[in-house]
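Trainee: Give me a model of this one.
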Amino acid sequence: MSADIIELSDRRPHVSKYVACMDCGRDWAAAAPVGTSSFECPSCGSMSGGVVNPHDAEFFKDFMGRADGNETWHKRMKVLINAKNMIDSGAYKP
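Mentor: As a prediction, the model looks like this:
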């Protein structure tokens with residue numbers, strides 16, 4: 001009879017988002033249930049992945065404020081530029 005049981009959590013609405021790790025700066029596309037606010041980074045394993053929104057001043061300050069040198073600053077800036085380009089083209093909505 002267990003084959004007749006539908007697991008509702010498997011059918012919850014999901015969204016796809018462009019996210020980045022606040023710790024290491026890695027970016028990726030994530031699919032998660034609606035309402036998910038933190039994501040596990042595939043690179044460093046921390047649970048500090050957040051939705052990239054270059055128009056949100058708090059996100060910008062937090063994300064860029066964690067850059068610890070010129071190389072990581074450039075890496076993080078590319079994430080913000082990618083997000084802005086996707087938003088401008090209509091391919092992404094934070």
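Trainee: Which residues are in contact with the nearest residue to M86 once chain neighbours are set aside?
Mentor: Once flanking residues are discounted, M86 sits nearest to Y92: 3.6 Å by CB to CB, 6 or more residues apart in numbering. Heads up, the C-betas are built off the backbone N, CA and C, glycines and all. With contact taken as CB atoms under 8 Å, 6 or more residues apart in numbering, Y92 is in contact with Y18, A83, M86.
Trainee: same deal with D23?
Mentor: C41, C44, S46, S48, R66.
Trainee: Determine the three-state secondary structure at the residue nearest the centre of the chain.
Mentor: Geometric centre of the chain, nearest residue: V19, 1.3 Å, by CA atoms, centre = their mean. Secondary structure, DSSP: H, G, I helix; E, B strand; the rest coil: V19 is strand.
Trainee: Quickly list what it is bridged to.
Mentor: W28, V51 (DSSP bridges).
Trainee: Could you check which helix or strand contains the residue nearest to M86?
Mentor: Using DSSP states H and E, Y92 sits within no helix or strand.
Trainee: so what's it scoring on pLDDT?
Mentor: The predicted structure scores Y92 at 87 on the pLDDT scale.
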